[in-house]
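Q: 3D model of this:
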Amino acid sequence: MDVQFAQVVRELSGLILTRGPKLCNFVEWRGFKVVYKRYASLYFCMCINQDDNELEILEIIHHFVEILDRYFGSVCELDLIFNFHKAYYILDELLIAGELQESSKKTVARLIAAQDSLVEAAKEQASSISNMIAQATK
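A: Here you go, the predicted model:
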């Protein structure tokens, strides 16, 4: 992990985790605003410019978590650890340059399902090619 990235994570974690549950979900940090939302044991954070709308970002975070819940069936920390690439793919379908791209959960679910089927087809093709090579080299 990059040293600077680790420092940012450590600094923001200390700032957010020490806040009381009744405080607002916005924190000023290094000339930016950090918007965060806690879902069970998971925290989702976005760093935004001072003039961006915090409530819109809270809605985007909630929208992202709803889609993760739908995809993983009640998303948990292990889902994100072992399937981080899928979580990033979902986020890429939602946002472009920090702005909401797709607000329809059904559309995102359809795009994710299409991506998953492409991945499965590629795995099957690679497996069949491996089997052909293995049989040809016997």
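Q: So which residues of the chain form strands?
A: Assigned by DSSP state E, the chain shows strands spanning 26-29, 32-39, 42-48, 95-96, 99-100.
Q: Hmm, residue 70 is touching residue 105, no?
A: Yes: using C-beta atoms under 8 Å, residue 70 is in contact with residue 105, at 6.5 Å. In short, each C-beta sits where N, CA and C put it, glycine included.
Q: now the top helix by length along the chain: mean pLDDT?
A: Longest helix in the chain by number of residues (criterion: DSSP state H): helix 105-136. Across helix 105-136, pLDDT averages out at 85.
Q: in it, what's buried?
A: Buried residues in helix 105-136, counted by 16 or more other C-beta atoms under 10 Å: 108, 111, 112.
Q: circling back: could I get the strands of the chain as CSV with distance to residue 119, mean pLDDT and mean neighbour count?
A: Output for the strands of the chain, formatted as CSV (distance: least, C-beta to C-beta, whole Å; pLDDT from 0 to 100; neighbours: other C-beta atoms under 10 Å):
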stretch, distance to residue 119, mean pLDDT, mean neighbour count
strand 26-29, 37, 93, 14
strand 32-39, 27, 94, 18
strand 42-48, 25, 94, 17
strand 95-96, 21, 90, 13
strand 99-100, 25, 88, 12
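Q: quick one, which of the ones you listed is nearest to residue 130?
A: With C-beta to C-beta as the measure, strand 95-96 is the member of the strands of the chain nearest residue 130 (36.5 Å).
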